[in-house]
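Trainee: Next come a sequence and a model predicted from it.
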Amino acid sequence: MGEGGIGITYLANNRRGELRVIKTLREQILNHPAWISKQDKLRQDFRDEALRLALCRHPHIVQVENVFDEVNLPCMAMEYIEGEDLGKQITEKGTLPEAEALLYIRQISEALILVHKKGLVHRDLKPSNIMMRAGKSEAVLIDFGIARQFIPGVVQQHTQALTPGYAPPEQYVPVEERGEYIDVYALAATLYAVLTGELPMPAPARLLNFPLQPPKHFNSRINNRVNEAIIKGMERNYKSRPQSVQEWLDLLDIETITPTQPVISLPNTPSSWQCVHIIPGISGKIALSPKGDMLASVAGCVIHLLSAATGQLIHTLIGHSYSVNSVAFNSDGQMLASGSSDNTIKLWEVATGSEIRTFSGHSSSVHSVEFSRDGQILTSGSSDETIKLWSLETDKELRTFTHSGCVYSVAFSSDGQMLASGSNLHSQSF
């Protein structure tokens, strides 16, 4: 299928006739005079890559199924991703619309958050290392060949393997601290390339004070917030960058509502479907109370409660440490639940805007929350591939269901006897 500096990949069938990718080392490299003395290290590094990748099980990370030796060659068998890489797509078809680009960047960000939780940095994030599943709006992170462990605050040796334009300045230094901010730079640079079709200026040139052109210079349609987040993510000094992928994502999601922002009210004509209010500055993550009198809207890690009748801000709910992904009212509209990338679910009293309690139990981002009709149970779906049921009477976790994939949506039947969940792989009912 392809060859890299030291690796080669093959397309194969397993015994069930299913396509798989086998990756191994190139024999020409192993037997090259310059590498003879380093053969054992090359083999061990390859096995380490396989084991690192096998530990990172996520729907947006290529999955390793087996690691084995064929004669003297270490091999790994991986899932076959039918499709093409993002770099090829933008080369052949041009830049992506901003909404589509942000969808893929958020998917890869979720994958990187898991990678970083495992104590690894990818170190080679770029469009050509992002595969797009054919016929689906799904991005998959591949090629962990130069991924390395990191210990925050500890100076470590860097291998001189990188991709100009996507590697930050510190990756060019032989000995330097290593952290999540390396991948933050590459992630921002990838979004830069996907939205502009231009290769970001390599770090050495930037260190010589050649200016980085803002993305809007090449594509005036880019949102100002996105433009600023890319520039911030590509700060030359890693200490000035967001220190984690989630912090950088929060820059993309930052939207605020203040009482001074204008609410544009239109004539209310119940006899026809017309827009009643245009409320600026909110995200697409919203919930309407059962009585239709209250609107909950997410702005990064903040939730705003607004009057549905006037569009005016009533309460600002602050408590989550990372982006809020879902909000839901209970059946009488007195409580609001929120699920966040900080792995928690919070309950809020709508009348006062005060936090009631926090549910902790998921090991990854919570994407969806929903109340049962009788208000006795709260359910949540997460990137950790589980759905949890919580008792609102005892504040205890009642049960956990497993799901093969990130759970993005959950819903109760009207009698509360059935629960449906949707993931990026398939749906299930319980």
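Mentor: Good, I have the coordinates.
Trainee: all helices of the stretch 151-300 of the chain, in order?
Mentor: Ranges of helices within the stretch 151-300 of the chain are 181-196, 203-207, 215-218, 224-233, 245-253, based on DSSP state H, counting those that start in this stretch.
Trainee: how about the ones you listed, which one is nearest H367?
Mentor: Nearest to H367 among the helices of the stretch 151-300 of the chain is helix 245-253 (13.5 Å), distances taken as CB to CB. The C-beta positions use only the backbone N, C-alpha and C, and glycine is treated the same way.
Trainee: right, so the helices of the stretch 151-300 of the chain: which one is the most enclosed?
Mentor: When the helices of the stretch 151-300 of the chain are scored by mean count of other CB atoms under 10 Å, the highest mean neighbour count falls to helix 181-196 (a mean of 26).
Trainee: For V302, give me the pLDDT.
Mentor: As predicted, V302 sits at a pLDDT of 82.
Trainee: separation between the closest residue to it other than its chain neighbours and S404?
Mentor: Once flanking residues are discounted, V302 sits nearest to I318: 5.7 Å by CB to CB, 6 or more residues apart in numbering. As judged by CB to CB, to the nearest Å, I318 and S404 stand 35 Å apart.
Trainee: what about the stretch 251-400 of the chain, any weak spots by pLDDT?
Mentor: 253-284 (pLDDT under 70).
Trainee: ranges for the strands of it?
Mentor: Assigned by DSSP state E, counting those that start in this stretch, the strands in the stretch 251-400 of the chain fall at 264-265, 277-278, 286-288, 294-299, 302-307, 313-318, 324-329, 335-340, 344-349, 354-360, 366-371, 377-382, 386-391, 397-402.
Trainee: List the beta-bridge partners for the closest residue to G381 other than its chain neighbours.
Mentor: Excluding the flanking residues, the one nearest G381 by CB to CB, 6+ apart is V407, at 3.1 Å. Using DSSP bridges, the beta-bridge partners of V407 come out as S423.
Trainee: what about V407, neighbour count?
Mentor: V407 sits with 30 neighbouring residues when counted by other CB atoms under 10 Å.
Trainee: of the strands of the stretch 251-400 of the chain, which approaches N219 most closely?
Mentor: For the strands of the stretch 251-400 of the chain, distance to N219 was read as CB to CB. The smallest value, 24.8 Å, belongs to strand 294-299.
Trainee: give the contact list for the closest residue to V366 other than its chain neighbours.
Mentor: In space, and not counting its chain neighbours, V366 is closest to G339: 3.3 Å by CB to CB, 6+ apart. The contact partners of G339, by CB atoms under 8 Å, 6 or more residues apart in numbering, come to 324-327, 345, 366-369, 380-382.
Trainee: now do I230
Mentor: Contacts of I230 by CB under 8 Å, 6+ apart are 188, 191-192, 195, 214-215.
Trainee: tell me the pLDDT at A205?
Mentor: Looking at A205, its pLDDT is 92.
Trainee: Against V173, how distant is it?
Mentor: With the distance defined as CB to CB, A205 ends up 16 Å from V173.
Trainee: Tell me which residues touch the residue nearest to G381, please.
Mentor: Contacts of V407 by CB under 8 Å, 6+ apart are 367-368, 381-383, 385-387, 421-423.
Trainee: ok, now P164?
Mentor: Residues near P164 by CB under 8 Å, 6+ apart: 202-204.
Trainee: what's the answer for C56, then?
Mentor: Applying CB under 8 Å, 6+ apart, the residues near C56 are 111, 114-115, 118, 120, 144.
Trainee: and those residues, which are buried?
Mentor: 111, 114-115, 120, 144 (16 or more other CB atoms under 10 Å).
Trainee: Around the closest residue to A134 other than its chain neighbours, how many other residues sit close by?
Mentor: Excluding the flanking residues, the one nearest A134 by CB to CB, 6+ apart is G83, at 4.1 Å. By other CB under 10 Å, the residues close to G83 number 17.
Trainee: Same question for the one 4 residues further on.
Mentor: For G87, the tally of surrounding residues (other CB under 10 Å) stands at 16.
Trainee: Tell me the spacing between it and C56.
Mentor: G87 is 22 Å from C56, by CB to CB.
Trainee: before we move on, what about P211?
Mentor: For P211, the distance to C56 - CB to CB - is 36 Å.
Trainee: helices or strands up against the helix ranked longest in the chain?
Mentor: Secondary structure of the chain per DSSP state H: the longest helix is helix 98-117. Judged by 3 or more CB pairs under 8 Å, 6 or more residues apart in numbering; DSSP states H and E, helix 98-117 is in contact with strand 130-133, strand 139-141, helix 181-196, helix 245-253.
Trainee: other SSEs contacting the helix or strand that that helix is followed by?
Mentor: For helix 98-117, the succeeding helix or strand toward the C-terminus, using DSSP states H and E, is strand 120-121. Applying 3+ CB pairs under 8 Å, 6+ apart, we find strand 120-121 packed against strand 148-149.
Trainee: State the mean pLDDT of the strand it packs on.
Mentor: Rounded mean pLDDT across strand 148-149 is 70.
Trainee: Tell me the one of the contacts of G339 nearest R20?
Mentor: Distances from R20 to those, taken by CB to CB, are shortest for S382, at 28.6 Å.
Trainee: Name the nearest residue to the closest one, ignoring sequence neighbours.
Mentor: H362 (4.2 Å).
Trainee: Likewise for F144?
Mentor: Counting by CB to CB, 6+ apart, the nearest residue to F144 once its immediate chain neighbours are dropped is L53, at 4.8 Å.
Trainee: tell me the secondary structure for that neighbour?
Mentor: L53 falls in the helix class when you classify it by DSSP: H, G, I helix; E, B strand; the rest coil.
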